[in-house]
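quick one, what's the 3D model for this:
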Amino acid sequence: MAVMQKVSIEALARQQLERATASGRNAADTVVGGHERVLRQTVIGMLAGAELGEHENPGEASVYVLKGSVRLVAGDEEWDARTGDLLRIPDVRHSLVALADSAVLLTVAKRP
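Predicted structure coming up:
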């Protein structure tokens, strides 16, 4: 039997941004999948100036900006995105910087 689950991404975005504000560092909650699954979706709250340091891309990935604005940096290239924008993450080392207090939905489909 399939299990249906409804999640308010907007509420999670507010919650993770509040957690980031309270702790002074990024806050995240995986809402679909996990490290042992192929698909993983995570809501991340980031304060202005916070960074997800440079790292490898484990598979196909995208960042949807739920609130605020961010910059995706990959090598010599940079892409800015704001609320409502979707960034496809290139298959190279990259980092993400919050240009303002932000919440994003990170979607990753790992390579088999």
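
looking at this protein, which helix or strand is least sure?
Least confident element among the helices and strands of the chain, by mean pLDDT, DSSP states H and E: strand 51-55 (a mean of 86).

distance of the nearest residue to Pro58 once chain neighbours are set aside relative to Met46?
Leaving aside its chain neighbours, Pro58 sits nearest to Lys110 (5.1 Å; criterion: C-beta to C-beta, 6 or more residues apart in numbering). In short, each C-beta sits where N, CA and C put it, glycine included. Applying C-beta to C-beta, to the nearest Å, the value for Lys110 to Met46 is 22 Å.

would you map the helices across the protein?
Using DSSP state H, the helices of the chain run over residues 9-23.

low-confidence stretches in this protein?
Within the chain, the ranges that satisfy pLDDT under 70 run 1-2, 112.

what residue is smack in the middle of it?
With distances taken as C-alpha atoms, centre = their mean, the residue of the chain nearest its centroid is Leu106 (3.3 Å).

in the sheet, which residues pair with the nearest residue to it once chain neighbours are set aside? Tell me.
Excluding the flanking residues, the one nearest Leu106 by C-beta to C-beta, 6+ apart is Thr42, at 4.7 Å. Here Thr42 sits in beta bridges with Thr30, Leu106, going by DSSP bridges.

tell me if I'm right that Thr42 and Thr30 touch.
Yes: in this structure, Thr42 is within contact of Thr30 by C-beta atoms under 8 Å, at 4.7 Å.

which of the two has more residues huddled nearby?
Neighbour totals were compared for Thr42 and Thr30, and Thr42 leads with 18 against 14 (other C-beta atoms under 10 Å).

nothing else from me, thank you.
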